[in-house]
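Novice: here you go, sequence then predicted model.
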Amino acid sequence: MSDEKPLKSAFELAMERLKKGDADAGVEPRRLTDGQKASIAELRRFYEAKLAEQELLHQSALRKLMDREARAALEDEYRRDRERLVTERDAKLEKVRSGQS
């Protein structure tokens, strides 16, 4: 009984399947350099702050509006700005991960 392996969690099993799928697809795992990790952390902090700033400005502007149509327009603008920031952040993160910057 001492040579039995301990049971694996669902997470461990899922990770093994993902790694096997990547290997079958020819995806090679790459380690990030310390510089890349630092750049990624800085980008995340920057965009987290920008998103928080947008949220505060949005909430402040919402408090001033009573008109439904104006509030709906403000919500649409906020959603677009948020999506733009998230897309911009993700593109920059991918660029750092791929070693382009």
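Specialist: Arrived safely. Please read all numbers here as calculations on a predicted model, not as lab measurements. Numbering: from 1, shown residues only.
Novice: ok, then the element right after the helix or strand Glu42 falls within?
Specialist: Glu42 is located in helix 34-64, with elements delineated by DSSP states H and E. Proceeding N to C from helix 34-64, the next assigned helix or strand is helix 68-97, under DSSP H and E.
Novice: pull out the buried positions in that following helix.
Specialist: Within helix 68-97, the residues that count as buried by 16 or more other Cβ atoms under 10 Å are 74, 78, 85, 89, 92-93, 96. Where you see a C-beta, it was placed from the backbone N, CA and C, and this is true even at glycine.
Novice: quick check: mean pLDDT across it?
Specialist: Helix 68-97 shows a mean pLDDT of 95.
Novice: likewise stretch 30-40?
Specialist: 90.
Novice: convert stretch 52-63 to PDB, retaining C-alpha atoms only.
Specialist: Output in PDB follows, covering the C-alpha atoms of stretch 52-63 (Å, rounded to 0.1, in the frame of the first residue of the first chain):
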ATOM      1  CA  ALA A  52     -10.800  52.300 -10.700                       C
ATOM      2  CA  GLU A  53     -10.500  56.000 -11.800                       C
ATOM      3  CA  GLN A  54     -13.100  55.400 -14.500                       C
ATOM      4  CA  GLU A  55     -15.400  53.800 -12.100                       C
ATOM      5  CA  LEU A  56     -15.200  56.700  -9.600                       C
ATOM      6  CA  LEU A  57     -15.800  59.200 -12.400                       C
ATOM      7  CA  HIS A  58     -18.700  57.300 -13.700                       C
ATOM      8  CA  GLN A  59     -20.400  56.900 -10.300                       C
ATOM      9  CA  SER A  60     -19.900  60.600  -9.600                       C
ATOM     10  CA  ALA A  61     -21.400  61.600 -13.000                       C
ATOM     11  CA  LEU A  62     -24.300  59.100 -12.400                       C
ATOM     12  CA  ARG A  63     -25.200  60.800  -9.100                       C
END
